[in-house]
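*Asks:* Got a sequence here, can you model it:
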Amino acid sequence: MSGYAGAAGGIATGGLSLDDGAIRLASSSQNPDGFATVFAGAEVREAALALAVEGEFTPTRVDTLEASVGNNLRGSMRVTHAWFVSLLPGIHVTDTTRLYGRLGVGQVNAEGNAVVNGTTYTLSDTLTAAKLGAGITHDLGSNVFVRAEYAYHRTERTDALRIQYATFGLGVGMLF
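*Replies:* Model prediction:
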C-alpha cells in the first residue's frame, strides 16, 4: 500500500435544473470557472490492477448559473466549496501510467437564488452529491506523479433545485 497527496486545478462548467411540478427548466453557466482542489489517498496495487481511496477538498467557488432571460429566468447559483471521498479503481497500462475511474460521494455547499416566472427559489445549504469521473496518472519519478481527470458532480434535489457541474483538471502529487 502506498499513500499520496497533491493538488489539482482546472476549469469547471455547471448548471442547474428546476422541477417544481409546474415548471421544468435546465440552464447552465455561460463561462467556465477556475477551481483548485487538494487531495490525499492510499492505493493498493496487485499486478496491473489498482484500487485507491481518496479524499479531496475544493475550497474554490464554481458558478453554476448566472443568467437573465427576460422576465422568465434570472439569478445566480454557485458552489462555494465541496468535499468528496472516492473509490478509484484502475489498471496500470505501463509501470508508470494508470487509467482510472472515480466513484465518489460527498457534500457541496451551495448558495444563490433563481427567479423563474416570478417565483423565487433560494438556496443556501450543504447538499449531498455524487461524483463520477475518469482520468490518467503518470509517474514522473519514484515520488512524483501528474494526472488529468474529467469528473461530473450532481447534488441531491432540494426544494425543486438540483445543481450539476463538470470539471476538467490537471494535478501533481507526491507518493510516500
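*Asks:* Tell me which residues of whichever strand or helix holds residue 74 come out buried.
*Replies:* Element membership of residue 74, judged by DSSP states H and E, is strand 73-92. For strand 73-92, burial by neighbour count (16 or more other Cβ atoms under 10 Å) applies to 73, 75, 77-80, 82-84, 86, 88, 90, 92. All C-beta atoms are positioned from the backbone trio N, CA, C, and that covers glycine.
*Asks:* same thing with stretch 46-61?
*Replies:* Neighbour-count burial for stretch 46-61 [16+ other Cβ under 10 Å]: 50, 52, 54-56, 58, 61.
*Asks:* out of the residues you listed, who's nearest residue 97?
*Replies:* Residue 97 lies nearest to residue 50 out of the buried residues of stretch 46-61, by Cβ to Cβ, at 11.4 Å.
*Asks:* my guess is that closest one contacts residue 41, does it?
*Replies:* No. Residue 50 lies out of contact with residue 41 (Cβ atoms under 8 Å); the separation is 11.0 Å.
*Asks:* Mind listing the shared neighbours of the two?
*Replies:* residue 88 (Cβ atoms under 8 Å, 6 or more residues apart in numbering).
*Asks:* Grab the most central residue of this structure for me.
*Replies:* Nearest residue to the geometric centre of the chain (Cα atoms, centre = their mean): residue 153, 4.6 Å.
*Asks:* avg pLDDT for the helix or strand that contains it?
*Replies:* Using DSSP H and E, residue 153 sits within strand 144-155. Summarised as a single mean, pLDDT over strand 144-155 is 96.
*Asks:* For that strand, name the packing helices and strands.
*Replies:* Helices and strands touching strand 144-155, by 3 or more Cβ pairs under 8 Å, 6 or more residues apart in numbering; DSSP states H and E, are strand 2-19, strand 97-116, strand 119-139, strand 161-175.
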